[in-house]
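In: Predicted coordinates and the sequence they were generated for:
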Amino acid sequence: MLNRRKNSAGKVERTALKTPEEIEKIYAAGRVARKVIALAQEIVQPGMTTGELEDRAAQLILEHGGTSPCLGYAPSGYPPYPAWTCISVNEEIVHGIPGGRVFRDGDLVTMDCCVRLDGYVADTAFTFGVGEISPLAANLLQVTSEALYIGIGCARPGNTTGDIGAAIQKFVEANHYSVVRELHGHGVGREMHENAIDLPNYGRPETGLLLEPGMTFAIEPMVNAGRKEIKSLRDGWTIVTADGSLSAHFEHTVAITEGGVRILTGP
């Protein structure tokens, strides 16, 4: 089984592997990103706008000496992203642009925060409720959060990226929700997106890249309460559920170590 797994899985580019010293720098950036998430959970309330929450997040990042690789990010075919964070509400899955949208009691809010500090990057996301949320919303949050940690539990040397995605998909679909297919986890560390590592939240065990010490990447299940199909809004960035159903998104940056996995954006 081990030999078959090695033969069927690709090897990551050596340049994608990080030294222990680099991993510590990613962890330092991750601590700042996690503080932003904690602040957002603490201060969000009905009547506040996504833009006001963005301003507080940017201020906190600056206070810790960081910057945001999101601001001005413009991959081919996209306009430059105009904010420090992504704030998505209810049917918005990812890449919601902060602005004038007002939070209401019962909303689901996803804060996706990426921080660059001392030349290294960490990426994390968390979905939480505003005020009292519905039982459906609460269950969606619980399942998506558990799916993240199930994926993290598969992130160890000798496993593959396919093992992670398959475990996430199996758990989510067993709970009658849908995994978004078009949006994946990714390598992260020296840059916000390192293309040597691609991590879908679905797939087959024993496929994909073989996990080895020094790999750093983001695991980020995005789960819809309804169908898996998505669509993009006219702003060129915001991605929503095609059927208007709620969505949740949880993400940690992790490092593969000799002993297993280390969460670099934990509390």
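Out: On my side now, so go ahead.

In: Only C-alpha atoms from now on, for both contacts and neighbour counts.
Out: Fine.

In: Name whatever forms a beta bridge with Val89.
Out: Counting by DSSP bridges, Val89 is bridged to Val109.

In: Isn't it up against Met111?
Out: No. Assessed by CA atoms under 8 Å, Val89 is found out of contact with Met111, at 9.1 Å.

In: Check the gap between the nearest residue to Gly266 once chain neighbours are set aside and Ile61 for me.
Out: Among residues not flanking Gly266 along the chain, Arg34 sits closest, at 6.7 Å (CA to CA, 6 or more residues apart in numbering). Distance from Arg34 to Ile61, counting by CA to CA, to the nearest Å: 10 Å.

In: Then Gly189?
Out: Distance, Gly189 to Ile61, using CA to CA: 17 Å.

In: These two: which has the busier surroundings?
Out: Gly189 (29 against 23; other CA atoms under 10 Å).

In: That one contacts Ala122, doesn't it?
Out: Yes. The criterion here is CA under 8 Å, and Gly189 meets it with Ala122 at 6.2 Å.

In: Residues that sit against both of those two, list them.
Out: The contact sets of Gly189 and Ala122 overlap at Ile26 (CA atoms under 8 Å, 6 or more residues apart in numbering).

In: any low-confidence regions in this protein?
Out: Scanning the chain for pLDDT under 70 picks out the ranges 1-15.

In: what about the strands in the stretch 101-250 of the chain?
Out: 108-117, 120-129, 178-179, 185-187, 194-199, 216-219, 222-224, 230-232, 239-241, 247-249 (DSSP state E, counting those that start in this stretch).

In: Dump those into TSV; add mean neighbour count and distance to Ile93 as well.
Out: Shown next, in TSV, are the strands of the stretch 101-250 of the chain (neighbours: other CA atoms under 10 Å; distance: least, CA to CA, whole Å):
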stretch	mean neighbour count	distance to Ile93
strand 108-117	27	8
strand 120-129	26	10
strand 178-179	23	11
strand 185-187	22	14
strand 194-199	19	17
strand 216-219	30	15
strand 222-224	29	7
strand 230-232	16	8
strand 239-241	23	5
strand 247-249	30	6
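
In: which one of those strands lies closest to Gly266?
Out: Of all these, it is strand 120-129 that lies closest to Gly266, at 8.9 Å by CA to CA.

In: quick one: contacts of that closest one?
Out: 22, 25-27, 29-30, 33-34, 37, 41, 106-116, 141, 188-192, 218, 220, 248-253, 264-265.

In: now the angle from it to strand 108-117?
Out: With axes from the mean of the first three to the mean of the last three CA atoms, to 10 degrees applied, the angle from strand 120-129 to strand 108-117 works out at 170 degrees.

In: Now do the phi/psi pair for Phe250.
Out: Phe250 adopts backbone torsions of phi -120, psi 140, taken as degrees, to the nearest 10.

In: tally of neighbours for it?
Out: 24.

In: What are the neighbouring residues in contact with it?
Out: Phe250 makes contact with Thr124, Ala125, Phe126, Thr127, Thr144, Ser145, Leu148, Glu220, Pro221, Met222, according to CA under 8 Å, 6+ apart.

In: Now the two most distant members of the residues you listed.
Out: Top of the distance list for these (CA to CA): Thr124 and Thr144, 14.0 Å.

In: my guess is Thr257 meets Thr216, correct?
Out: No. Counting by CA under 8 Å, Thr216 is not a contact partner of Thr257; they are 9.4 Å apart.

In: Buried residues in whichever strand or helix holds Val32, which are they?
Out: Using DSSP states H and E, Val32 sits in helix 20-43. By 16 or more other CA atoms under 10 Å, the buried positions in helix 20-43 come out as 22-23, 25-37, 40-41.

In: Would you map the helices across the stretch 151-267 of the chain?
Out: Taking DSSP state H, counting those that start in this stretch as the criterion, the stretch 151-267 of the chain contains helices spanning 161-174.
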